[in-house]
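Novice: predicted coordinates and the sequence they were generated for:
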Amino acid sequence: MSNLTVNIVIVFSLLIFISACQPSSKSTAPDNAVEEQTIEFDKLFAQFDDINKPGASVAVLQDGEVVFSKGYGSANLEYDIPVSPDTMFHVASVSKQFTVFAILLLAEEGKLDFDDDVRQYIPEVPDFGHTITLRHLASHTSGMRDQWNLLRMAGWRLDDVITTEHVLKMVAKQKELNFKPGEEFLYSNTGFTLLAEVVARVSGKSFAQFSQERLFTPLNMSNSLFYDDHQKIVSNRAYSYEPIDNGYQKSVLNYANVGATSLFTTAEDLLKWSENFTKTTVGSPAIIEQMNTLATLNNGDTFGGAYGQFISHYNGIKYIQHSGGDAGFRSYLARFPEQNLAIAILNNGADA
């Protein structure tokens, strides 16, 4: 099974266990239900519960309360540092929903429009003969070619130091689009690097600083930051690994670009973010509605993609999710609006 399929299976196993272990009105021993729930979670994450292997952090939010939060395995194999609920992980593409949210904050303040031409803010983007809007970028319908694929073809290694400036220079040399904007869906990290740059240029602050001031601080996400400097020290972070024949080796990540990726955070901080979609303290209900609305192609068709997120169904249950994977990091955040439930799973092993 793919990493995404495994994540979905685990998430829905958690959903079943959470529902089964909720104490009923007749229950006289809620502590027993919590203990049973913990035992079931430990079974699901047994493969990670080894200090000699990369680990996992999982947290569950039910009705606005964290009902489970635990770390498994190792955050650093060289020093046998265990994963805890406070361990910070690079969450890769889970970052994208934060980028869209930042754009919509600026739109709500009248500083830009979601349907503005990206070239209005980043004139270095070539004129392809078609207008590429911020909405196109946020929904993977721009036709822009993916930055990681282009870098690979240009001879880069993805463990090279890759900055936003490198990506922008590459975009400026792009000759054509994959398709006319709005005609198709094709996942493109490039669009989100451009969106983060728009936020920086419009706000006059780095995207990392803007996110800290407007998102993380007001939501009390004290263990979150956008990593725009590959030399920056991050306290209590996990490092990533990949399996080899006799164990594991480092999977080095030197990204110094933001928007498409590079959020460092914890499972519990992601739940604080998720709760803002239910009880909005940052932004507005209109922003939440826009984030959760399916994007459409020029012909009116939808494709499961919203803005920085995907809307899915499993056995009739609606959930809004995004996964992430860079180097040896794997991440997954899912919200179940009808169950008022959110689950975050973070890993630092490529075989998670």
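Specialist: Sure, I can see it.
Novice: now the strands: where do they sit in the stretch 51-200 of the chain?
Specialist: Secondary structure of the stretch 51-200 of the chain (DSSP state E, counting those that start in this stretch): strands at 56-62, 65-72, 74-76, 81-82, 89-90, 162-163.
Novice: which residues are contacting the fourth one?
Specialist: Right, the one you point to is strand 81-82. Ile51, Gly55, Gly71, Gly73, Ser74, Ala75 (Cβ atoms under 8 Å, 6 or more residues apart in numbering). Backbone N, C-alpha and C define where each C-beta goes, glycine included.
Novice: cool, and the last one?
Specialist: In this structure, residues lying in contact with strand 162-163 by Cβ under 8 Å, 6+ apart are Leu151, Trp156, Asn254, Tyr255, Ala256, Asn257.
Novice: pretty sure the third one contacts Val161?
Specialist: Yes. Between Asn254 and Val161 a contact is recorded at 4.5 Å, counting by Cβ atoms under 8 Å.
Novice: okay, and the common contacts of those two?
Specialist: His230.
Novice: residues near Asn299, how many?
Specialist: 7 (other Cβ atoms under 10 Å).
Novice: for it, what are phi and psi?
Specialist: Here the main-chain torsion angles of Asn299 (degrees, to the nearest 10) amount to phi -90, psi 0.
Novice: ok, of the contacts of strand 81-82, which come out buried?
Specialist: When neighbours are counted using 16 or more other Cβ atoms under 10 Å, these contain these buried positions: Gly55, Gly71, Gly73, Ser74, Ala75.
Novice: isn't the last one right up against Ser240?
Specialist: The reference is to Ala75. No. When contacts are counted by Cβ under 8 Å, Ala75 is not listed as touching Ser240 (10.0 Å).
Novice: joint contacts of these two?
Specialist: Asn348.
Novice: between the strands of the stretch 51-200 of the chain, which one is closest to Val282.
Specialist: strand 56-62 (16.4 Å; Cβ to Cβ).
Novice: please name the strands paired to that closest one in the sheet, noting orientation.
Specialist: Neighbouring strands of strand 56-62 in its sheet, by DSSP bridges, are strand 65-72 (antiparallel), strand 341-347 (antiparallel).
Novice: flag every buried residue along it.
Specialist: Ala56, Ser57, Val58, Ala59, Val60, Leu61, Gln62.
Novice: same check on stretch 237-256?
Specialist: Buried-residue list, stretch 237-256, by 16+ other Cβ under 10 Å: Arg237, Ala238, Tyr239, Ser240, Tyr241, Tyr248, Ser251, Leu253, Tyr255, Ala256.
Novice: can you list contacts of that stretch?
Specialist: Under Cβ under 8 Å, 6+ apart, the answer for stretch 237-256 is 53-55, 75-77, 83, 87-90, 159-164, 227-230, 261-262, 264, 326-329, 346, 348-351.
Novice: in ChimeraX, select just the buried ones from those.
Specialist: Here is the ChimeraX command that picks out the buried ones among the contacts of stretch 237-256, judged by 16+ other Cβ under 10 Å:
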select :53,54,55,75,76,77,83,87,88,89,90,162,163,164,227,228,230,261,262,264,326,327,328,329,346,348,349,350
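Novice: count of neighbours near Gln286?
Specialist: Gln isn't right for residue 286; it's Ala. Counted with other Cβ under 10 Å, Ala286 comes out at 12.
Novice: quick check: closest non-adjacent residue to it.
Specialist: Excluding the flanking residues, the one nearest Ala286 by Cβ to Cβ, 6 or more residues apart in numbering is Glu108, at 7.1 Å.
Novice: my read: that neighbour touches Thr280, true?
Specialist: No. Using Cβ under 8 Å, Glu108 makes no contact with Thr280, being 12.0 Å away.
Novice: can you report how many residues neighbour Trp156?
Specialist: Trp156: 16 neighbours (other Cβ under 10 Å).
Novice: now it: how far from His166?
Specialist: Between Trp156 and His166 the computed distance is 8 Å (Cβ to Cβ, to the nearest Å).
Novice: ok, so what distance separates Asp63 from Arg119?
Specialist: 45 Å.
Novice: how about the helices of this structure, start to end?
Specialist: 3-21, 30-44, 96-108, 134-138, 147-153, 164-172, 190-203, 207-211, 267-275, 285-291 (DSSP state H).
Novice: do you know which of these lies nearest Gln339?
Specialist: Short answer: helix 3-21, nearest of the helices of the chain by Cβ to Cβ, at 7.2 Å.
Novice: tell me the mean pLDDT for the closest one?
Specialist: Averaging pLDDT along helix 3-21 gives 56.
Novice: ok now stretch 115-130, how far from the chain's centre?
Specialist: 26 Å (Cα atoms, centre = their mean, to the nearest Å).
Novice: how about residues contacting that stretch?
Specialist: 112, 131-135, 137, 143, 168, 171-172, 174-177, 180-181, 194, 197-198, 201-202.
Novice: would you indicate which residues of that stretch are buried?
Specialist: Asp116, Asp117, Val118, Tyr121, Ile122, Val125, Phe128.
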